[in-house]
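> Following is a predicted model, sequence given first.
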Amino acid sequence: MTASPLQRVGAFALAALAGVGRPDDVTGEVLAGVVEKMTSHLVGTVKVAKAADLGGFWLGASYLLWPNSKLNPTARGKQSPPEREKLIREWRARPDLAGWPGVPCAYCGRAACDWYGKVDIPLGASVAHRNTTAPGHEGTPLCYPCVASLWAFPYGASLSGGRAALMHSWDDDFLARMTRSTVDQTLQDAAAGPSKGAKPGPYARELWVLRAVRAYSRRITSGVELIVLSNSNKEQLLATQELGQPVAEWLRSINRWPDRRAGYPALVAAQQSKQVPGEAFLAKRAFTRPAQVVDFAIGHVLGQISPKVLIPAETTALAPLLYSYCREVLTMDDKDVERIKELAGRLAALLGQDSRPGPFRDFIRANSKGGNLHGWFRSKGVDWLLFPRPNGTPPVLLPIQDYRLLFEDERSWSWRRLLVFAVLEALAEAGWEPKGSQEEFQEIKELADAAGEGQEEGAEQ
Ligand SMILES: [Zn+2]
C-alpha cells in the first residue's frame, strides 16, 4: 500500500478480483493469477469489431483509461485477432528479471521491474498528478505489484460517461468494502454487454457515494474522496472532492437511530429543487457546502407555512436530524444548541400563550429580510418580565450568552435560523392551534416565504 489513492484502490481491487481478504494476501501465484485474469478480460476484446459490440466493454473503457495502448492501436482494424492477443499479452507480461532497471519503484521503493509512462499510469496516480514523462527520461520506474494495482484500479471505479469515478478513503475497512462492491458491479457491467441505460441524473456520482456511505455498517473513521478522472487523448481530467468524515459518519448514522431514520424522507424533500432531486442535492451539499443542508431544510420548513398550516408537520420529523447535524457535522457546541432550544421554549410560551397569531407573525417578520430581531427582543424582554413565566424559567428572556450567539457570534446567522426552527418545533410540541382571519394567516405565509428565502445570505457565510 502506498500514498497514491489510485494505487490503493487498485490494490484492494486486486484483492477483490483474487478473492482474498487483503491486498497483503496478493502475492506470488495469487498475483500472477489475478494479472492473468485481467489480461484475459482484455483478450476477450480481440474478436470484437467495435467497443459498442457485445464483449467490447474493456475496448470502450480503454480509450478513457489506456489511450494508445496495445488494446486500441490505430492499426487495430488491420490486425487479426491472434495479432491483437499477442500484443496485449506482451503489454501485460511480467518483465524478465534480467531486464529490470536496477532502480527503486517510484511508489513503494521496492525494486522496479520496468519504466512506465502515460499508458500505464493514469492521471492522478503519479505523485505530482502528472503522468507525462519529461523528454530524455525513460518514464517512471514501477515494481510489478504497483503497476498491477494501476491496471486493476478501473475495476474499483464506476466507468460511465467517458470518465472513471472512484471512492477513496484512508479508512482501509471502508475502502475494502466499497472497492469490493464496485468490482462486482464492474464485472457485471462488463459481462452484460452494451446497454443504453437511463441518462444519469444530476450529481449522480455524489449520490453514489452518499448511498454507499449510508449502507455501510461500521464507523467511518476518515473522509471519503470522490475522484473523477479521464486519461483520454481528447480530455485530460482529474477532479477530487471530499465528503468530510463528520458528515460521512453522520449520514451513516441515520439508519442506526430510529428518530433520524424516520425524518430522512423529510430531509430529502427539503433539499430538492425544480431541477435536482432531493437526495442528489443532499449529496452535493454534503460534499461542497455542508452548512447549506441545515439552511435549506429550515428554509423549506418556512416555505411550507401556509394560510391553512402555520406549523408545518415536517418540523417534528426534522428536529432529531437538524440538531444532531448541527452538533456532529457543523460542530456547534452542545451547550449552545441547548441554549437555543431553551430560548425557543421561552419564546414559544410567550408566542403561544393564547390562540392569537399576531405575536407569531411579528416573530417571523423579525426574522425576514430587513426584519429587526434585535428590536423585537428588546420589546419582548419587557413582555417576558410581566408574563406569568413557566416554573424554572429565568426572568431575563435573552441572557447575555444567548445574545452573543444571536448577534455577535461568527455564526450568528446559523444560530438565528436554528432559533426560528426551534420555536416552530416548540409550538408544534405544545400543540399550539392559532385562530385568526384568512388575511392574518396569508400575511404570515408571505412573511415566512420571505424569511425562508434568506438562505442564500446564510450560504455566503
Ligand atoms: Zn511498487
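The structure has been received and is ready for your questions.
> Can you give me the domain boundaries for this protein?
Residue ranges for the domains of the chain, per automatic domain parsing: 5-243, 289-459.
> how far does the first one stretch from start to finish?
From the first residue to the last, domain 5-243 extends over 15 Å; the measure is C-alpha to C-alpha, to the nearest Å.
> Next, see if it gets close to the ion.
Yes - judged by C-beta under 5 Å from the ion, domain 5-243 comes into contact with the ion at 105, 107-108, 143, 146. Any C-beta I mention is one placed from the backbone N, CA and C, and that applies to glycine too.
> ok, and the most crowded of these?
Highest neighbour count within the residues of domain 5-243 next to the ion: residue 146, with 27 neighbours (other C-beta atoms under 10 Å).
> Which pLDDT does the model give that residue?
We have a pLDDT of 95 for residue 146.
> check contacts around residue 149.
Neighbouring residues of residue 149 by C-beta atoms under 8 Å, 6 or more residues apart in numbering: 6-8, 10-11, 13-14, 23.
> Residue 275 is nearest to which of the domains of the chain?
For these, proximity to residue 275 was assessed by C-beta to C-beta; domain 5-243 is nearest, at 6.7 Å.
> Report the two of the contacts of residue 149 separated the most.
Taking C-beta to C-beta, the two most distant members of the contacts of residue 149 are 6 and 23; they sit 13.5 Å apart.
> and those two? which has more neighbours close in?
Taking neighbours as other C-beta under 10 Å, residue 6 and residue 23 compare with residue 6 leading, 27 against 23.
> Might one say that that one is in contact with residue 166?
Yes - using C-beta atoms under 8 Å, residue 6 is in contact with residue 166, at 7.3 Å.
> Pull up the overlap in contacts between these two.
Taking C-beta under 8 Å, 6+ apart as the criterion, residue 6 and residue 166 both touch 153, 227.
> looking at it, residue 244 is touching residue 222, isn't it?
No - between residue 244 and residue 222 there is no contact under C-beta under 8 Å: 9.6 Å.
> neighbour count winner among these two?
A direct count of neighbours by other C-beta under 10 Å for residue 244 and residue 222 places residue 222 higher, at 18 against 15.
> what's near enough to touch the more buried one?
169-171, 174, 245.
> What separation do you get for it and residue 169?
Per C-beta to C-beta, to the nearest Å, residue 222 is found 5 Å from residue 169.
> Equivalent analysis for residue 213, please.
Separation of residue 213 from residue 169 (C-beta to C-beta) stands at 10 Å.
> do residue 142 as well
Taken as C-beta to C-beta, the span from residue 142 to residue 169 is 24 Å.
> what do you get for residue 337?
Counting by C-beta to C-beta, the gap from residue 337 to residue 169 is 29 Å.
> Kindly report the same for residue 149.
Here residue 149 is placed at a distance of 16 Å from residue 169 (C-beta to C-beta).
> one step back: generate TSV for the contacts of residue 149, with secondary structure and pLDDT as supplementary columns.
As requested, the contacts of residue 149 are exported to TSV (DSSP: H, G, I helix; E, B strand; the rest coil; pLDDT from 0 to 100):
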residue	secondary structure	pLDDT
6	helix	93
7	helix	94
8	helix	96
10	helix	97
11	helix	97
13	helix	98
14	helix	98
23	helix	96
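> what's the closest of the residues you listed to the ion?
The ion lies nearest to residue 7 out of those, by C-beta to the ion, at 8.0 Å.
> is it true that residue 261 touches residue 252?
No - using C-beta under 8 Å as the test, residue 261 is too far from residue 252 to be in contact (11.6 Å).
> The two - which one has more neighbours?
residue 252 (20 against 14).
> list the helices and strands the helix or strand harbouring the more buried one packs on?
In the assignment (DSSP states H and E), residue 252 maps to helix 245-253. Applying 3 or more C-beta pairs under 8 Å, 6 or more residues apart in numbering; DSSP states H and E, one finds that helix 245-253 contacts helix 204-215, helix 314-328.
> 10 Å instead?
Where contact means 3 or more C-beta pairs under 10 Å, 6 or more residues apart in numbering; DSSP states H and E, helix 245-253 is packed against helix 204-215, strand 224-231, strand 236-243, helix 258-271, helix 278-288, helix 314-328.
> could you dump the ones you listed to CSV with mean pLDDT and distance to residue 193?
Putting the helices and strands packed on helix 245-253 into CSV (pLDDT from 0 to 100; distance: least, C-beta to C-beta, whole Å) gives the following:
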stretch, mean pLDDT, distance to residue 193
helix 204-215, 97, 21
strand 224-231, 95, 23
strand 236-243, 93, 27
helix 258-271, 97, 34
helix 278-288, 98, 28
helix 314-328, 97, 42
